[in-house]
Every structure is written in structure tokens, then in C-alpha cells.
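S.K.: just need the structure, nothing else, for what follows:
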Amino acid sequence: MKPLTRAIVWGGLLAGTGDLIFALSYYGMKLRVFQGVAAGLIGREAALSGGPATFALGVALHYAIALIWAAIFCIAARQLPALLRNATVAGLVYGLVVYFGMNNVVLPLSALHTPAWPPRPDAAAIAAHCFLFGLPIALAARRVLRGGWMRR
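M.R.: Numbering: from 1, shown residues only. Below is the predicted model of the structure:
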């Protein structure tokens, strides 16, 4: 596997897992947590009536979204090496970008049609995006793209 692909996969899996654990612990161990993610694709009513199948769809979509955000960061980091040199700061800032991007661009354009403005200030969710989402993506990118993790 090429380093860029490996960085995207590791970053996406780490970020997706950190965010999944946060979501289930913060919002509760309920099917609704990831049915809400599926609702962005298939609508709220369909997602909430789908039981475990739409929960699984939500988890799959959650990881797909994490991989997309990881790909954006990793591709940017190859063009802007400062993101790798300052991976901790870059990752924390990227977590903010992801939080506001999801809440103010992605969700309003989804089947949920949430309002884009004003931004939702949820301190716990913002911190989770910074420390459990953006930071793992940036650290994985630095480690892999600099050739230090599972090199082949």
C-alpha cells in the first residue's frame, strides 16, 4: 500500500473510532446515535424506522466520512509540509475545521437540512473533534508520510 493511502486509512480509522467512542459515550449507547448519521443520506424517518440495519449504515457512513476528511488532510499535507512539521497544532485546528464543516456545510446539504447558521457551540463535541478526530489524522499523516509507520 502506498504511503498516502496508508496515511488516509490509518488517519480515517483512528479518527472514526475515536469519534465513534465519543458519540456513544456522550449521546448514549443507542441505535439512534448512528441512525442519525444514516438520516443524512436516507432521511430521518427512514433511518429511525430501520433498526439495526440503519445503525450499521450509519456506522459505515461515519467511517466513510472519516476517511474522506483524512484524505483531505493528507493530500493537503503533501502540498503543505508545515502541516506535518506542526502536526499537533494542525490536527487540533483541523478538528475545528471538521466540526464547523460538518455542522455548517455537510449537514445543511444532507437529507437532514439542518440550519447552517448560527454554528452550534457544543464544547464537548468541539473538543472531541479536535483531540479525537483532527489530532489522530494529523499524527497518523506525519508518521506515515514521513516514512516511520509500517513502511514496506
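S.K.: go ahead and confirm Thr88 touches Ile137.
M.R.: No. Between Thr88 and Ile137 there is no contact under CB atoms under 8 Å: 11.7 Å. Backbone N, C-alpha and C define where each C-beta goes, glycine included.
S.K.: between the two, which one's more packed in?
M.R.: Ile137 (33 against 12; other CB atoms under 10 Å).
S.K.: who's in contact with the more buried one?
M.R.: Contact analysis of Ile137 by CB atoms under 8 Å, 6 or more residues apart in numbering lists Gly11, Gly12, Leu14, Ala15, Trp69, Ala70, Phe73, Cys74, Gly91, Tyr94.
S.K.: secondary structure element for it?
M.R.: helix 135-145 (DSSP states H and E).
S.K.: go on, Arg32?
M.R.: Short version, using DSSP H and E: Arg32 is in helix 31-42.
S.K.: show the subsequent helix or strand relative to that helix.
M.R.: helix 44-48.
S.K.: which parts of that next one are buried?
M.R.: Across helix 44-48, burial judged by 16 or more other CB atoms under 10 Å covers Ala47.
S.K.: can I get that helix in CSV, CA atoms only?
M.R.: The C-alpha atoms that make up helix 44-48 are tabulated as CSV, following Å, rounded to 0.1, in the frame of the first residue of the first chain:
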residue,chain,number,x,y,z
ARG,A,44,-34.8,10.9,9.4
GLU,A,45,-38.0,8.8,9.2
ALA,A,46,-36.4,6.0,7.2
ALA,A,47,-33.3,5.9,9.4
LEU,A,48,-35.2,5.8,12.7
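S.K.: just checking, what packs against it?
M.R.: helix 31-42, helix 52-79 (3 or more CB pairs under 8 Å, 6 or more residues apart in numbering; DSSP states H and E).
S.K.: please enumerate residues in contact with the first one?
M.R.: By CB under 8 Å, 6+ apart, the residues outside helix 31-42 that reach it are 23-24, 27, 46-48, 50-52, 54-59, 61-62, 65, 106-107, 110-112.
S.K.: next one: stretch 108-123
M.R.: Applying CB under 8 Å, 6+ apart, the set of residues contacting stretch 108-123 from outside is Ala39, Gly40, Leu41, Ile42, Gly43, Arg44, Phe100, Asn103, Asn104, Val105, Leu107.
S.K.: please apply the same query to stretch 75-93.
M.R.: By CB under 8 Å, 6+ apart, the surrounding residues in contact with stretch 75-93 are 4, 73, 130-131, 134-139, 141-142, 145-146.
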